[in-house]
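Participant: Predicted model and sequence below, questions to follow.
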Amino acid sequence: MTDVIHDVIVVGAGPAGALCAYTLRRLGMSVLVLDKASFPRPKPCGGGLTIKTLALMPYSVAPVLERFTRGLEFGFRTPSGDTFRTVAGKNPICTFAVREKFDSFNFEQMLASGATFETIGKIEAITEEADVVSVVTAGATYRGRYLVGADGANSRVRRLLGLDAQIRRGFALEGIVPYTRLDNVPKPEFFFGVTRNGYGWLFPKGDHVNVGLYTIDDDPSLSKEALRAYAQERLGTDQIDDVVGFPLGFGGDKRLPVRDRVVLVGDAAGYAEPLLGEGLHNAVKSGIAAAQAIFTTRSGGGRLQEAYRRRVATLMDDLTRCRQMAAAFYPDLDRGKLLIALSRPALVRGFAAGMTMVEMTNLLPFSAFFRPAKPSSLVELLAR
Ligand SMILES: Cc1cc2nc3c(=O)[nH]c(=O)nc-3n(C[C@H](O)[C@H](O)[C@H](O)COP(=O)(O)OP(=O)(O)OC[C@H]3O[C@@H](n4cnc5c(N)ncnc54)[C@H](O)[C@@H]3O)c2cc1C
């Protein structure tokens with residue numbers, strides 16, 4: 001055990017952990033970040049970054065944005081056959097990055113802000129005392145005044161602290177197809193119903209298209225064969241590289257994942273939304289929120305629970321809305337098809353405006369007044 005007691009230990013250097021550590025450093029706190037991987041490292045993810053996610057970033061991520069889109073193809077496979085609807089407008093509604101590069105970029109910003117990083121082996125225990133939290137691995141014990149669990153959908157921190165109860169998991173499987181195997185760059189799409197309670201997606205990047213299958217069910221049996229069949233149907237090839245699956249963490253609207261000195265963020269907290277499986281927005285949002293809540297508490301501003309609750313209240317409301325929409329949408333895609341047809345203009349304006357699902361749906365009748373957001377990342381991307 002070392003004598004050093006850090007202000008905060010962050011376990012996990014994905015987007016939630018990196019943005020948390022960056023914010024803590026900006027607030028003047030000492031931070032040790034621990035991850036089982038060294039960076040850069042691959043991460044199974046579509047790398048779809050919505051405008052609202054770009055708007056949250058404290059710095060421009062334009063250098064790692066590979067594409068943007070003003071429209072999406074929405075396919076529906078229902079008993080009455082396949083239908084496609086284009087949802088498109090004048091302004092960008094989503095951008096695409098390769099996760100390895102996005103995470104590496106955030107990691108570099110985090111190091112530049114002054115955070116310390118160490119690669120660790122298995123975490124064997126976490127102990128909480130009155131004024132210090134310890135993370136025990138086979139080789140070392142790390143001590144901090146606060147601990148942030150940012151270690152993703154399979155969070156070990158969450159499990160060791162007994163905070164697993166409300167968490168549900170979804171699942172997604174993805175791979176890449178280089179454009180050299182294709183005649184055209186495909187349009188970005190979500191094809192609902194090609195998997196049970198989920199969709200297939202195509203997200204075009206710089207030199208390849210990311211192809212994947214998503215389900216809200218905790219269903220690691222989504223098969224490589226099903227992914228190949230989807231790619232064959234939509235891209236005309238079943239040759240997919242780097243196929244890999246990973247869970248998503250849901251259920252974070254049910255309970256606040258905080259103890260006196262520990263807080264969970266991102267997928268570890270169950271903050272991916274189940275409707276489309278977007279997790280990056282809430283990972284970034286909760287990472288920043290946890291940093292601010294710890295700073296407030298450390299400066300004498302009350303309990304961590306309350307400080308964090310205030311900052312993630314809207315995020316949790318949004319998760320509830322997405323969960324209810326997913327429960328209504330997936331079992332009856334004919335109804336979903338109709339809903340998307342009716343709300344198409346509001347959807348494109350809402351996504352372009354960087355709105356959350358609650359904002360978009362509450363303000364639906366006023367969508368003509370939504371104005372496109374202009375986060376610096378997007379402005380720089382458009383200027384390239
Ligand atoms: C296939 C797939 C496609 C997706 N596509 C999208 C998309 O297009 N857009 C979107 O918004 N969301 C998408 N998501 C969801 C998104 O990937 C997650 O919500 C997001 O990565 C959560 O970020 P995080 O920082 O909480 O966790 P992670 O990104 O999972 O990072 C966790 C970090 O913790 C480390 N770690 C894990 N366990 C330990 C341990 N025991 N000890 C130490 N370190 C540990 C890991 O190495 C990792 O660096 C997708 C998910 C999947 C699975």
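Facilitator: Nice, I can see it. These numbers come from a predicted model, not from an experiment.
Participant: show me where the stretch 251-384 of the chain has helices.
Facilitator: 280-298, 304-329, 333-352, 357-362, 376-383 (DSSP state H, counting those that start in this stretch).
Participant: who touches the last one?
Facilitator: Which is helix 376-383. Helix 376-383 is contacted from outside by 51, 54, 57, 59, 60, 61, 62, 65, 68, 92, 95, using CB atoms under 8 Å, 6 or more residues apart in numbering. Where C-beta positions appear, they are placed from N, C-alpha and C, glycine not excepted.
Participant: Buried residues in that helix, which are they?
Facilitator: 377, 378, 381 (16 or more other CB atoms under 10 Å).
Participant: Closest to the ligand out of those residues?
Facilitator: Comparing the buried residues of helix 376-383 against the ligand with CB to the nearest ligand atom picks out residue 377 as the nearest, at 14.4 Å.
Participant: ok, of the contacts of helix 376-383, which come out buried?
Facilitator: For the contacts of helix 376-383, buried by 16+ other CB under 10 Å: 51, 54, 57, 60, 61, 62, 65, 68, 92, 95.
Participant: Phi, psi for residue 157 please.
Facilitator: Residue 157 adopts backbone torsions of phi -60, psi -50, taken as degrees, to the nearest 10.
Participant: and it, what is it in contact with?
Facilitator: By CB under 8 Å, 6+ apart, the contact set of residue 157 is 11, 12, 123, 126, 147, 149, 151, 262, 264, 268.
Participant: For burial, what's the neighbour tally of the residue of the chain found nearest the ligand?
Facilitator: For the chain, the residue positioned closest to the ligand under CB to the nearest ligand atom is residue 279, at a distance of 1.7 Å. Residue 279 has 28 neighbours, counted by other CB atoms under 10 Å.
Participant: before we move on, what about the one 4 residues further on?
Facilitator: By the criterion of other CB under 10 Å, residue 283 has 30 neighbours.
Participant: got a list of what it touches?
Facilitator: Residues counted as contacts of residue 283 (CB under 8 Å, 6+ apart) are 14, 15, 16, 19, 150, 265, 266, 267, 271, 272.
Participant: One more: residue 183?
Facilitator: Contacts of residue 183 by CB under 8 Å, 6+ apart are residue 236.
Participant: angle of the helix or strand of the chain with the lowest mean pLDDT against helix 376-383?
Facilitator: One helix or strand of the chain scores below all others by mean pLDDT, DSSP states H and E: helix 333-352, with a mean of 90. The directions of helix 333-352 and helix 376-383 differ by 90 degrees, with axes from the mean of the first three to the mean of the last three CA atoms, to 10 degrees as the criterion.
Participant: buried stuff in helix 333-352?
Facilitator: Across helix 333-352, burial judged by 16+ other CB under 10 Å covers 333, 336-337, 340, 343-344, 346-352.
Participant: And those, which is closest to residue 119?
Facilitator: Ranked by distance to residue 119 (CB to CB), the buried residues of helix 333-352 are led by residue 351 at 37.1 Å.
Participant: was I right about the closest one contacting residue 94?
Facilitator: Yes. Contact criterion CB atoms under 8 Å: residue 351 and residue 94 qualify, at 6.7 Å.
Participant: Find the residues that touch each one of those two.
Facilitator: Common neighbours of residue 351 and residue 94 are listed as 50, 51 (criterion: CB under 8 Å, 6+ apart).
Participant: Next up, the contacts around residue 176.
Facilitator: Shown in contact with residue 176 (CB under 8 Å, 6+ apart): 205, 208, 209, 210, 211, 240, 241, 242.
Participant: restrict those to contacts with the ligand.
Facilitator: For the ligand, no contacts are drawn from the contacts of residue 176 by CB under 6 Å from any ligand atom.
Participant: Now, these that are in strands?
Facilitator: 208, 209, 210, 211, 241, 242 (DSSP state E).
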